[in-house]
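*Asks:* From the sequence below, what's the structure:
(one chain, ligands or ions: 3)
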Amino acid sequence: MRIIMLGAPGAGKGTQAKKIAEKYNIPHISTGDIFRANIKNETELGKKAKSYMDQGMLVPDELTISLVMDRFQEPDARNGYVLDGFPRTIPQAESLDAALKESGSQIDHAINVDVPDEAIVKRMSGRRACVNCGATYHLQYAAPKKDGVCDHCGEGLILRDDDKPETVEKRLGVYHDQTQPLIDYYAQKGVLKEVDGTRDLEEVFGQIKKILGE
Ligand code: AP5
Ligand code: MG
Ligand code: ZN
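*Replies:* Ligands and ions are numbered 1, 2, ... in the order given. I've put the predicted structure just below:
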């Protein structure tokens, strides 16, 4: 099964992608998580990505596309994946299409997690993230068992540099300009599915399970 998660920053793409990956036994591929791991490890890619990310801008397509194409070569991605945060521009979607065509496969579902902008800014200030394993928490809606510590791997949790309110506003603007057009792109392919991302975590996952089949 090949799934794309669409939605604004903070809509809950990562939260739901993790649940999908676990239940359907496919890898969760998040470009944001890969960039953050590279920043943490101070790689060349990380240095390049950080300057864009901290400003709420997109990392250039060429860097992002080659990163994802490399990830697709790993054996666990052969039979499917849930893509979270990619594609994010029309050129990225076209590159993905070209790669799929070459391997004779296709996207089964592009799931749009719909949340209005007002709700997003509120959510982001309460988010805490684990840079080690990519798990995401929320101080109010999805608190870790122990304050400031990841339930899965025991690493310390951080507030992301790009979750400051002014950067969130910028990311929302970039989303509306560059990423929202993908909703039509996948609607035209007949694979677009919508879920109401304002509902609680488990309810949103319930809607997704109906789409994917229990
Ligand atoms: P990325 O890491 O992908 O960030 P994003 O798309 O802005 O999305 P987020 O991770 O902020 O939100 P999410 O939808 O995953 O929400 P989450 O589940 O955490 O990208 C970061 C940056 O990297 C980009 O700005 C860009 O610079 C660069 N980048 C990445 N990919 C790129 C690409 N393809 N091309 C170019 N540049 C790229 O949930 C948010 C919070 O809400 C959490 O605290 C969560 O616990 C809580 N929550 C989730 N669901 C619910 C719910 N139903 N009810 C209440 N709370 C909820
Ligand atoms: Mg995310
Ligand atoms: Zn962790």
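*Asks:* Contact residues of this protein facing ligand 3?
*Replies:* Selection of the chain residues close to ligand 3 by CB under 5 Å from the ion yields 130, 132-133, 135, 150, 152-153, 155. For glycine as for every other residue, the C-beta is placed from the backbone atoms N, C-alpha and C.
*Asks:* Can you select the buried ones from the residues you listed in PyMOL?
*Replies:* The PyMOL command for the buried members of the residues of the chain next to ligand 3 (criterion: 16 or more other CB atoms under 10 Å) is given here:
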select buried, resi 130+132+135+150
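*Asks:* Next, format the residues of the chain next to ligand 3 as a markdown table and append distance to ligand 1 and pLDDT.
*Replies:* Listed next are these as a markdown table, based on distance: CB to the nearest ligand atom, whole Å; pLDDT from 0 to 100:
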| residue | distance to ligand 1 | pLDDT |
| --- | --- | --- |
| Cys130 | 11 | 94 |
| Asn132 | 15 | 92 |
| Cys133 | 13 | 91 |
| Ala135 | 9 | 92 |
| Cys150 | 13 | 97 |
| His152 | 14 | 96 |
| Cys153 | 17 | 97 |
| Glu155 | 16 | 96 |
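*Asks:* Show me which of the residues of the chain next to ligand 3 is closest to Asp114.
*Replies:* The nearest member of the residues of the chain next to ligand 3 to Asp114, counting by CB to CB, is Ala135 at 23.4 Å.
*Asks:* got a list of what that closest one touches?
*Replies:* Shown in contact with Ala135 (CB atoms under 8 Å, 6 or more residues apart in numbering): 18, 129, 150-153.
*Asks:* could you dump the residues you listed to JSON lines with secondary structure?
*Replies:* Shown next, in JSON lines, are the contacts of Ala135 (DSSP: H, G, I helix; E, B strand; the rest coil):
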{"residue": "Lys18", "secondary structure": "helix"}
{"residue": "Ala129", "secondary structure": "strand"}
{"residue": "Cys150", "secondary structure": "coil"}
{"residue": "Asp151", "secondary structure": "coil"}
{"residue": "His152", "secondary structure": "coil"}
{"residue": "Cys153", "secondary structure": "coil"}
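*Asks:* out of those residues, who's nearest Lys47?
*Replies:* Distance to Lys47, by CB to CB, is smallest for Ala129 among those, at 19.9 Å.
*Asks:* quick one: the closest one and Ala142, what's the gap?
*Replies:* With distances taken as CB to CB, to the nearest Å, Ala129 is found 11 Å from Ala142.
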